[in-house]
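In: Fold the following, please.
(one chain, ligands or ions: 1)
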Amino acid sequence: MYSRIVGTGSYLPAKVLTNFDLEKRLDTSDAWIRERTGIERRHIIADGESNTDMAEQAARAAIASAGIEPHELDLIVVGTTTPDLVFPNSGTLLQARLGCGGAPAFSLEAACSGFIYALAIADKFVRAGESKRALVVGSEVLSRIVDYTDRSTAILFGDGAGAVVLAPSDEAGIISTHLHADGGYQELLYCTGGPARGPAPGSFPPGDVVRMAGSEVFRLAVTLLGRIVDETVAANHLDRSAIDWLVPHQANLRIIQATAKRLSLPMERVIVTVQEHGNTSTASVPLALNVGIRDGRIKRGDLLLLQALGGGITWGSALVRY
Ligand code: UT7
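Out: Just a heads-up that it's a prediction; the model follows:
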């Protein structure tokens with residue numbers, strides 16, 4: 001038994017923050033941001049809009065494209081780093097919106113790898129026969145933990161949500177998932193506070209914000225995402241040329257290009273959306289997947305490699321026959 005992706009959806013808030021907007025507030029330039037990251041704009045959540053609002057939009061689109069009703073869902077897993085509340089968890093908040101109480105619903109936090117982690121867990125529920133309709137969501141409100149006085153991070157992050165529905169299938173499906181973490185790298189990319197510890201004393205701006213040692217994370221991302229390409233291909237006794245589409249975490253175009261090179265995959269076979277929304281953490285892989293499917297590039301039967309790396313450090317991949 002395999003699990004198969006039977007529906008996808010995504011959501012980006014209406015408000016757009018361009019590189020030119022950031023030029024006015026920070027010592028940066030559109031040219032620098034585009035050249036070093038590939039990002040042109042990010043979408044920013046409206047005042048009064050929440051993580052759950054975005055997750056609901058993406059989830060409803062995925063449920064509709066799967067041709068099912070919310071009450072048919074028997075599992076909800078939400079990957080997020082920016083939940084509305086410490087608890088109840090984001091899975092239950094979303095479940096209440098969808099009006100489908102009863103089934104297990106939970107969230108997990110693995111920073112930008114959170115969607116790959118959530119997908120891997122939901123896949124195991126489906127394979128074990130414990131779920132027939134699993135909703136997997138990545139949703140982030142990173143703009144609320146970005147320090148907009150720090151040019152090294154303010155240019156990178158945006159808000160958004162993406163979702164998939166999984167169902168059982170005799171044919172693959174999700175062929176394999178590969179998850180890793182190394183907590184020894186936690187100082188390279190982290191949020192300055194949390195509900196148990198509170199904000200760092202004397203922190204400016206007040207509240208918890210993202211801090212990142214960008215070039216170190218960049219180097220690790222190129223190395224570890226390259227390595228997981230090799231691991232995924234080897235575990236499935238595949239030739240790299242068998243991969244039809246790379247659907248990577250959208251953090252930096254140069255990292256994506258390095259991974260594509262490792263796969264000997266031309267950039268025309270890579271789904272790139274980073275220019276449109278910057279780094280949306282857990283939302284970025286399902287956002288890119290939904291774009292590639294909806295615009296007709298990714299077709300049924302294509303072989304996809306999904307992958308991501310984020311704070312922790314966590315990283316992971318999924319080999320998927322769409
Ligand atoms: O999703 C989790 C994974 N996260 C990532 O994958 C992000 C990984 N890191 C990156 O994407 C890149 O490291 C950045 C885009 C954050 C930075 O690019 P970089 O090429 O690694 O630049 P750098 O940090 O080595 O800095 C080069 C120069 C520095 O100036 P000096 O010291 O050479 O004079 C920085 O101060 O660029 C400067 N700089 C900027 N200049 C204009 C840093 N940020 C900016 C900026 N605008 N926004």
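
In: State whether T273 and V285 are indeed in contact, as I suppose.
Out: No - under the criterion of CB atoms under 8 Å, T273 is not in contact with V285, lying 9.9 Å apart. C-beta: built from backbone N, CA, C; applies to glycine.

In: So between the two, which is more surrounded?
Out: Remark: of T273 and V285, V285 carries more neighbours, 31 against 23, as counted by other CB atoms under 10 Å.

In: Which helix or which strand is home to that one?
Out: helix 284-294 (DSSP states H and E).

In: picking up where we left off before, okay, and the common contacts of T273 and V285?
Out: Q250 (CB atoms under 8 Å, 6 or more residues apart in numbering).

In: Which residues does the helix holding V285 contact?
Out: Contacts of helix 284-294 (CB under 8 Å, 6+ apart): 5, 8-10, 12, 58, 61-62, 112, 115-116, 136-138, 160-164, 245, 247-251, 271-274, 277, 280, 298, 304, 306-308, 322.

In: Kindly report the same for stretch 177-194.
Out: Counting by CB under 8 Å, 6+ apart, 81, 110-111, 113, 116-117, 119-120, 123, 145, 199-200, 203, 207-213, 216-217, 220, 224, 228, 231-232, 235, 310-319 sit against stretch 177-194.

In: ok so, going back, buried sites along the helix holding V285?
Out: 284-293 (16 or more other CB atoms under 10 Å).

In: between those, which is nearest D74?
Out: P286 (19.6 Å; CB to CB).

In: which one is the closest one nearest to, not counting chain neighbours?
Out: G162 (2.6 Å; CB to CB, 6 or more residues apart in numbering).

In: partner residues bridging that neighbour?
Out: S10, G138 (DSSP bridges).

In: rewinding a little: ok, then the element right after the helix holding V285?
Out: By DSSP H and E, the next helix or strand past helix 284-294 is strand 303-310.

In: first to last residue in stretch 233-241, what's the distance?
Out: End-to-end distance of stretch 233-241 (CA to CA, to the nearest Å): 10 Å.

In: how far does it sit from the chain's center?
Out: 24 Å (CA atoms, centre = their mean, to the nearest Å).

In: now swap in stretch 198-213 and tell me
Out: Centre to centre, stretch against its chain (CA atoms, centre = their mean), the figure for stretch 198-213 is 23 Å.

In: Next, please give the residue ranges for the strands of the stretch 151-300 of the chain.
Out: Along the stretch 151-300 of the chain, counting by DSSP state E, counting those that start in this stretch, strands occupy 159-169, 174-181, 189-191, 210-212, 245-248.

In: For the ones you listed, give me JSON lines that also has mean pLDDT.
Out: Conversion of the strands of the stretch 151-300 of the chain to JSON lines gives the following (pLDDT from 0 to 100):
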{"stretch": "strand 159-169", "mean pLDDT": "98"}
{"stretch": "strand 174-181", "mean pLDDT": "98"}
{"stretch": "strand 189-191", "mean pLDDT": "96"}
{"stretch": "strand 210-212", "mean pLDDT": "96"}
{"stretch": "strand 245-248", "mean pLDDT": "98"}
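
In: Reformat the ones you listed into CSV and put distance to the ligand next to each item.
Out: Below are those laid out as CSV (distance: least, CB to the nearest ligand atom, whole Å):
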stretch, distance to the ligand
strand 159-169, 13
strand 174-181, 13
strand 189-191, 6
strand 210-212, 7
strand 245-248, 10
